[in-house]
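Student: Predicted model and sequence below, questions to follow.
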Amino acid sequence: MSKRIIILGCTGSIGSNAVDVVRTHPGDFKVVAVSALRSRERCEAFARELGARAYVGEGAALRAVEENDADVCLVATVGLSGLMPTLAAIGKGMDIALATKEVLVMAGELVSAAARGKGVRFLPVDSEHSAIFQCLASQAGAPADMVERLVLTASGGPFLDGPADLSTVTVEQALNHPRWKMGPKVTIDSSTMMNKGFEILEARWLFDVPVDRIDVVVHPESIVHSLVTFRDGATLAQLSPPDMRISIQYALSHPMRLPAERKPLDLAAIGALTFRRPDESRFPCLALVREACRDGGCAPAVLAAADEWAVDAFLKGRIGYTGIVRAIETALAKAPKSACESPEAVLAAAEWTWRTLSSSIS
């Protein structure tokens, strides 16, 4: 029996790759609905091809969830727009194939509690969290108290070794990722390593491991996607060529592994794998994430909303590249200390952040 799938954000990088996975395995998946914010023509074309219902525009993702039933909801929207559809899908008992980082970054405690209450599983789509998920699954879903450390790998993005003066970086340079082809928001986040900071917070909620036991290591080859060190000293890693369809397919097919016509990993041809610690003076977003985590409450929501505002402003030419970090620092410094125990509180924190930055940064 095929799994029923909803794809939210079907025209983005993750969504388009998910459609490709479904094309490859038409007997294993049945897409019942797809959504997009703006790309009506592509969304409707996917819907026709897959025999699904199409939803386009503001609120489309939420409507797609509310008006359809599915086994798995793939959340691949941009930013905070994924929160309410995720909660709605959880409320209907759908497992969540999660690609939108901000959902757990901004509302991790809230969303995790909702998932536990409904017995819903998170099926990580990011290659790093998928790697950890697969390593833990190989140990029969090892509980958190068996885990010593989680190690997230990072490509280092386009600015790992230069230029020395990041204030000169252009939009075109920042969008030129050396390994992955992604949407503009996540590509810029990769260049600042904010995406890796978000992944630390995501891993905290996905795997119930404290943030101080989650590390980051730079691995430019992007072959080792993450590692888990257990209490007995053993470390497991998941390796594969850098192809997002691998982790997307595993999330959709879990616990099964479906075949794929992809070039297998050839370690002898690669020759060597390298690792190094991230330079946090060059990538201060990692420290900002840990600061927000220590502050707790709505600070992670403010962090993510500030990053969303700043990346958009950079892409539109309103601020320079180093202005992204300055905007996030400004928002965290001014943020009121408050709890984020409801979707309304999360949305209010985000809206406060956007208003504050719009009025204080030209």
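Tutor: That came through, no problem. Numbers count the residues shown, from 1 in each chain.
Student: Spit out the contact partners of the closest residue to residue 195 other than its chain neighbours.
Tutor: Leaving aside its sequence neighbours, residue 195 sits nearest to residue 189 (C-beta to C-beta, 6 or more residues apart in numbering; 3.8 Å). Quick note: C-beta positions are derived from backbone N, CA and C, even for glycine. With contact set as C-beta atoms under 8 Å, 6 or more residues apart in numbering, residue 189 has these partners: 195, 198, 307, 311.
Student: Give me the subset of the residues you listed that lies in helices.
Tutor: 195, 198, 307, 311 (DSSP state H).
Student: of the residues you listed, closest to residue 110?
Tutor: residue 198 (16.4 Å; C-beta to C-beta).
Student: okay, now residue 140: neighbour count?
Tutor: 7 (other C-beta atoms under 10 Å).
Student: For residue 98, which residues are in contact?
Tutor: Contacts of residue 98 by C-beta under 8 Å, 6+ apart are 75, 86, 104, 122, 123, 124, 125, 202.
Student: Try it again at 7 Å.
Tutor: Going by C-beta atoms under 7 Å, 6 or more residues apart in numbering, residue 98 touches 75, 122, 124, 125.
Student: quick one: the residue nearest to residue 310 when sequence neighbours are not counted from residue 316, how far?
Tutor: What sits nearest to residue 310 in space, not counting adjacent residues and going by C-beta to C-beta, 6+ apart, is residue 327, at 3.8 Å. According to C-beta to C-beta, to the nearest Å, residue 327 stands 13 Å off from residue 316.
Student: Looking at the two now, which is surrounded by more residues?
Tutor: residue 327 (23 against 9).
Student: Now do the more buried one, the pLDDT please.
Tutor: pLDDT for residue 327: 96.
Student: residue closest to the middle of the protein?
Tutor: The residue lying closest to the centre of the chain (C-alpha atoms, centre = their mean) is residue 101, at 3.3 Å.
Student: which intervals of the protein have sub-threshold pLDDT?
Tutor: For the chain, the stretches with pLDDT under 70 are 1, 141-142, 180, 362.
Student: Quick one: the strands in it, in order.
Tutor: Using DSSP state E, the strands found in the chain span residues 3-8, 29-36, 53-56, 72-75, 95-98, 122-124, 147-154, 214-218, 224-230, 235-239.
Student: For those strands, give me CSV that also has distance to residue 17.
Tutor: What follows is those, written out as CSV (distance: least, C-beta to C-beta, whole Å):
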stretch, distance to residue 17
strand 3-8, 10
strand 29-36, 13
strand 53-56, 18
strand 72-75, 10
strand 95-98, 12
strand 122-124, 15
strand 147-154, 20
strand 214-218, 24
strand 224-230, 16
strand 235-239, 18
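Student: What residues of stretch 85-100 count as buried?
Tutor: Buried residues in stretch 85-100, counting neighbours by 16 or more other C-beta atoms under 10 Å, are found at 85-90, 94-100.
Student: Adding distance to residue 50, write these out as TSV.
Tutor: Shown next, in TSV, are the buried residues of stretch 85-100 (distance: C-beta to C-beta, whole Å):
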residue	distance to residue 50
85	19
86	22
87	25
88	21
89	18
90	24
94	18
95	19
96	20
97	16
98	21
99	18
100	21
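Student: my guess is the residue nearest to the centre of the chain meets residue 200, correct?
Tutor: No - with contacts counted by C-beta atoms under 7 Å, residue 101 stays clear of residue 200, the gap being 10.4 Å.
Student: OK, contacts around residue 21?
Tutor: Taking C-beta under 7 Å, 6+ apart, one finds 245, 248, 249, 252 in contact with residue 21.
Student: and the nearest residue to the first one once chain neighbours are set aside, what is it in contact with?
Tutor: Read it as residue 245. Distances taken as C-beta to C-beta, 6+ apart put residue 17 closest to residue 245, at 5.1 Å, once the chain neighbours are dropped. Counting by C-beta under 7 Å, 6+ apart, residue 17 touches 244, 245, 248.
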